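> everything below, folded, please.
(one chain, ligands or ions: 1)
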Amino acid sequence: MSTSLAALRIGFIGAGRVAQTLAPAFAGADLNVAAFYNRGRDAAQQLGSRVPSARSMTHAQQVVDSCDMVFLTVSDDAILPVCRDLRWEPRHRVVHCSGATELAALDHAKAAGASTGGFHPMQMFANPDVALEGLRGCTVGIEAEPDFRRDLEHLAVSIGCEPLALPAGVRALYHASAYYVGPFLIALLKEGVELWKSFGASEADALRAMMPLLRGTVAAVLDGGLANGMGGCVARGDVGTILKHLRALDERFPPSGALYRELALRNVPLGIERGTLSAPRAAEIEKVLRRSSREEQAVS
Ligand SMILES: NC(=O)c1ccc[n+]([C@@H]2O[C@H](COP(=O)([O-])OP(=O)(O)OC[C@H]3O[C@@H](n4cnc5c(N)ncnc54)[C@H](OP(=O)(O)O)[C@@H]3O)[C@@H](O)[C@H]2O)c1
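As a prediction, the model looks like this:
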């Protein structure tokens, strides 16, 4: 940690899940989390209980006036108006944690001479206690002018994260990428759980069975990369199994059949790259997957 970071008074405006994770992480790294403000009382109390040494302020401007580095950890759409309603000075460093929001949302502070930056931890912040555990090793997408970027990189390292310099203009794509392995992964788990429920199992039963598979999939990808980490009927070229899946899904869960087709088509190039799926078998699988459920019924 650089001495300049240790000397900074850090404040949070917005005491939601990200603030309730980052503030204790910074405090645990011997940084000075000095003050915070939240519009509603509940989140303010929760953050206060996690970092008792930080002062709960009654107005956001008090955080700005009493701190050097201020995190605007409000919801994305509130970043610009909240920043615009505050008075900033050149001594301030103003940060938002949104993945997709451009730094221009902080232009009001920049116009007052403040340094502005983005600090986006690629992590799921649903429960701050769980997220705090998951911070170690997690990537933080950082965008700022070079001097301030170095400070934010040190800040990320001080809490065990991996800083990643984001070039200007890529935030929306960078953030969309995180959705595939965060919220969309949960959507896929839900698809699987619903199938289990159809034969009488509970969500807990289904998740208990799926978690070792999920962990095994992650381990296989970490070991061999995407293509080599992929098993399953597309990788093997088992057209008959694919047809069984499609017919069962189309009969009971037509929207799940449509999603299965989309996803299995994305598996085909990986099977070819893996070397276990021949080009003719890949073409056969693609033909089956491109047939709609109605066309499938007609040929079966
Ligand atoms: N959740 C994640 O997984 C995640 C991951 C990485 C980055 N982020 C980013 O971190 C930031 C905070 O997200 P979060 O998950 O911590 O959100 P959150 O738990 O929903 O908390 C949002 C906070 O913003 C406050 N707020 C909302 N609108 C406001 C307004 N108009 N004026 C003042 N305060 C307002 C809320 O105050 P009240 O309590 O009064 O409503 C609440 O404390 C966002 O930019 C988000 O994109 C989130």
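
> could you report the neighbour count for Glu273?
Around Glu273 there are 15 other residues, counting by other CB atoms under 10 Å. Glycine gets a C-beta too; all of them are placed from N, C-alpha and C.

> ok so it is a strand residue?
No - Glu273: not assigned to a strand; according to DSSP: H, G, I helix; E, B strand; the rest coil it is helix.

> that one contacts Gly225, correct?
No - if you go by CB atoms under 8 Å, Glu273 and Gly225 don't touch, sitting 9.2 Å apart.

> list the contacts of stretch 48-64.
When contacts are defined by CB atoms under 8 Å, 6 or more residues apart in numbering, stretch 48-64 is touched by residues 11-13, 20, 23-24, 27, 33-37, 44-45, 47, 66, 70, 82, 85-88, 92, 128.

> same thing but at 6 Å, please
For stretch 48-64, the external contacting residues (CB atoms under 6 Å, 6 or more residues apart in numbering) are 11, 13, 20, 23-24, 27, 33, 35-37, 44, 70, 86.

> what about that stretch, start to end distance?
18 Å (CA to CA, to the nearest Å).

> check stretch 233-245 too.
10 Å.

> tell me which residues of that stretch are tucked away?
For stretch 233-245, the neighbour count (16 or more other CB atoms under 10 Å) marks 233-235, 237, 239, 242-243, 245 as buried.

> tabulate these (CSV), appending pLDDT, distance to Val170 and secondary structure.
Below are the buried residues of stretch 233-245 laid out as CSV (pLDDT from 0 to 100; distance: CB to CB, whole Å; DSSP: H, G, I helix; E, B strand; the rest coil):
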residue, pLDDT, distance to Val170, secondary structure
Cys233, 97, 36, helix
Val234, 97, 31, helix
Ala235, 97, 32, helix
Gly237, 96, 37, coil
Val239, 97, 39, helix
Ile242, 98, 36, helix
Leu243, 97, 41, helix
His245, 97, 37, helix
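
> those residues: which two are farthest apart?
Ala235 and Leu243 (16.3 Å; CB to CB).

> now the residue in the stretch 151-300 of the chain positioned nearest to the ligand. Nearest residue, chain neighbours left out?
At 7.2 Å from the ligand, Gly182 is the closest residue in the stretch 151-300 of the chain, using CB to the nearest ligand atom. Leaving aside its chain neighbours, Gly182 sits nearest to Met124 (5.3 Å; criterion: CB to CB, 6 or more residues apart in numbering).

> pretty sure the one you found is touching Pro183, no?
No - Met124 is not in contact with Pro183 according to CB atoms under 6 Å; the separation is 8.1 Å.

> and the two? Which one has more around it.
Comparing Met124 with Pro183 by other CB under 10 Å, the one with more neighbours is Met124, at 17 against 10.

> distance of that one from the ligand?
5 Å (CB to the nearest ligand atom, to the nearest Å).

> for that residue, helix, strand, or coil?
coil.

> just the pLDDT at it, thanks.
If you check Met124, the pLDDT there is 95.

> so how far is Tyr179 from it?
11 Å (CB to CB, to the nearest Å).

> contacting residues for Glu295?
Glu295 neighbours (CB under 6 Å, 6+ apart): none.

> also Val140?
So Val140 contacts 121, 156, 161, 163 (CB under 6 Å, 6+ apart).

> restricting to those residues, which residues neighbour the ligand?
Residues of the contacts of Val140 in contact with the ligand (CB under 6 Å from any ligand atom): Pro121.

> which of the contacts of Val140 sits closest to Met210?
Distances from Met210 to the contacts of Val140, taken by CB to CB, are shortest for Pro121, at 25.8 Å.

> so the closest one bridges to which residues?
With DSSP bridges as the criterion, Pro121 is bridged to Val140.

> what's the burial count for it?
Pro121 has 23 neighbouring residues, counting by other CB under 10 Å.

> for the top helix by length along the chain, packing partners?
The single longest helix within the chain, with elements called by DSSP state H, is helix 203-228. Counting contacts by 3 or more CB pairs under 6 Å, 6 or more residues apart in numbering; DSSP states H and E, helix 203-228 is packed against helix 183-198, helix 254-274.

> look up the closest residue to the residue in the chain positioned nearest to the ligand, ignoring the ones flanking it.
With CB to the nearest ligand atom as the measure, Gly16 is the residue of the chain nearest to the ligand, at 1.9 Å. Using CB to CB, 6+ apart and skipping the chain neighbours, the partner closest in space to Gly16 is Ala43 (5.6 Å).
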